[in-house]
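> Predicted model and sequence follow; I will ask about them next.
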Amino acid sequence: MSYTVLARRYRSASFDEVVGQETTARTLQNAIATGRIAHAYLFTGTRGVGKTSMARIFARALNCPDTIPDCPKPPPSENSQEAFDYPPQEVQERMAQAIMRGDDLNVIEIDGASNNSVDNARQLIVNASMAPTGNARFKVYIIDEVHMLSTAAFNALLKTMEEPPAHVKFILCTTEVHKVPVTIQSRCQRFDFRNIPAAKIAGHLKDVLKQEKVKADEALVHQVARLGNGSMRDALSLLDRLIAAAVPAPGQSEQGGWLTGELLEQVLGLPPQERVVRLVDACVAGDAAAALQEGAALLDSGVAQDQLLDVLIDRLRTLLLLSTCGADSELVEIPQEALPQAQQQAQALDAAALVYMIALCENCQRSAKISSNPRALLDATLVRLALAEKMADITGLLAGSGPDRGQKKK
């Protein structure tokens, strides 16, 4: 039997299910209810934030409104004062399923990367002049990665994009909107899809795990959400890998499993979190020898130097947010059980010292790429981190006054 990955199986099917894009969903629903449906839309944003899903849902709302709860029906068009006679519920359900699968005859999805020639654009124009088939009201063209179209293809689409037939709607999706000609953008209503906050990704992952009957540590869910970097698809793909690698918990069937932070570290080769915490503790205490030992232990365990610095920067950023914004801030993305330990570390350093420490790590990361001895740079950086408050005051550095001894914040 073929397996459907989580990112496809739990793909949003209604406006309310699109996580993190509530403003766009509400605007599109209002457009349908008031009949202010534009002829062309441009959805832009990073990968995995819901652009194509929203395009399919919008197409579904236009042709099968009865299949989406609380979805308004488009009012009569300007050319006709009579409401469109939508087909029965069961027919709409079949149409909706085909739209969400991407194989409906009236909702045509085009990959801009592989259909980018002027001949493809001309064929699209010819087909757009034909009325929708069956019981559909609109013919919707979803062009994914539209920025990959050639200049000639864009030019061929200009007139049709500006004045398409009344039954045609265009939805252009792109991750690189700067590559879409301004002449095309000016003919579209643009919607910018935001990166999804880690907290909302974590909430969705918990719902998926519950439906999959898989248990996971709270800290792991938050870590996977953060590793998604604002992309729901990336986070779900990583969760898929973890479930496949999970060892069934005692008393569970082979289909079950328990996802832990240790499993995540094994699958991705991440540094053990407790060792990273001990490394930061050594830096906070000003113990250069302990910092070097913890760094060496991490490298000896197989962690790459770049990866070590990435995780260290991420930890220092968390401490910076705790120090400046407090534990109640939405910017602080850390499990509750790990919060007391992080707060203790944050209280030992002020914001200026943390900014300086992050800058040291970033500088080491950049310099190591062109150095013949990157390990020496790392060791020197760890020592400087441990002696950060003794070696420099950040205000003095910015003013060019040189080193100045400071005192740890009590």
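Right, received. Where do you want to start?
> who's in contact with residue 388?
283, 353, 356, 357, 360 (CB atoms under 8 Å, 6 or more residues apart in numbering). (C-beta placed from N, C-alpha, C; glycine too.)
> Of those residues, which is the nearest to residue 94?
residue 357 (59.2 Å; CB to CB).
> related to what we said a few turns ago, can you tell me which of the contacts of residue 388 are in strands?
Among the contacts of residue 388, DSSP state E puts none in strands.
> Would you format the residues you listed as TSV with distance to residue 339 included?
What follows is those, written out as TSV (distance: CB to CB, whole Å):
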residue	distance to residue 339
283	20
353	21
356	24
357	20
360	25
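> who wins for neighbours among those?
residue 283 (28 neighbours; other CB atoms under 10 Å).
> Please enumerate the helices of the stretch 251-400 of the chain.
Assigned by DSSP state H, counting those that start in this stretch, the stretch 251-400 of the chain shows helices spanning 261-268, 273-285, 288-300, 305-325, 339-347, 351-368, 374-386, 388-391, 394-399.
> what sits up against the fifth one?
Okay, so that is helix 339-347. By CB under 8 Å, 6+ apart, helix 339-347 touches 277, 280-281, 284, 318-320, 322-323, 327, 334, 354, 409.
> before we move on, back to that, widest-spaced pair of the contacts of residue 388?
It's 283 and 356 that sit farthest apart of these, by CB to CB, at 11.6 Å.
> follow-up on the earlier one: which one of the contacts of residue 388 sits closest to residue 193?
Closest approach to residue 193 among the contacts of residue 388 (CB to CB): residue 357, at 33.9 Å.
> Next, work out how far apart the closest one and residue 56 are.
46 Å (CB to CB, to the nearest Å).
> before we move on, back to that, pull the most distant pair out of the contacts of helix 339-347.
334 and 409, at 20.1 Å, using CB to CB across the contacts of helix 339-347.
> what about these two, which has more around it?
residue 334 (20 against 14).
> residue contacts, the more buried one?
With contacts defined as CB under 8 Å, 6+ apart, residue 334 is in contact with 222, 318, 342.
> Let me know how buried residue 336 is, in neighbour terms.
Residue 336: 10 neighbours (other CB under 10 Å).
> just residue 305 next, same as before
Around residue 305 there are 17 residues (other CB under 10 Å).
> I'd say it and residue 295 touch.
No - Residue 305 is not in contact with residue 295 according to CB atoms under 8 Å; the separation is 9.2 Å.
> Give the residues shared as contacts by those two.
By CB under 8 Å, 6+ apart, the residues touching both residue 305 and residue 295 are residue 378.
> weakest of the helices of the stretch 251-400 of the chain in terms of mean pLDDT?
Lowest mean pLDDT within those: helix 394-399, a mean of 50.
> Would you map out the domains in this structure?
Recorded structural domains for the chain (assignment: automatic domain parsing) are 6-192, 198-268, 273-399.
> quick one, what contacts the residue nearest to residue 219 when sequence neighbours are not counted?
Spatial nearest neighbour of residue 219, excluding adjacent residues (CB to CB, 6 or more residues apart in numbering): residue 335 at 4.3 Å. Shown in contact with residue 335 (CB under 8 Å, 6+ apart): 218, 219, 222.
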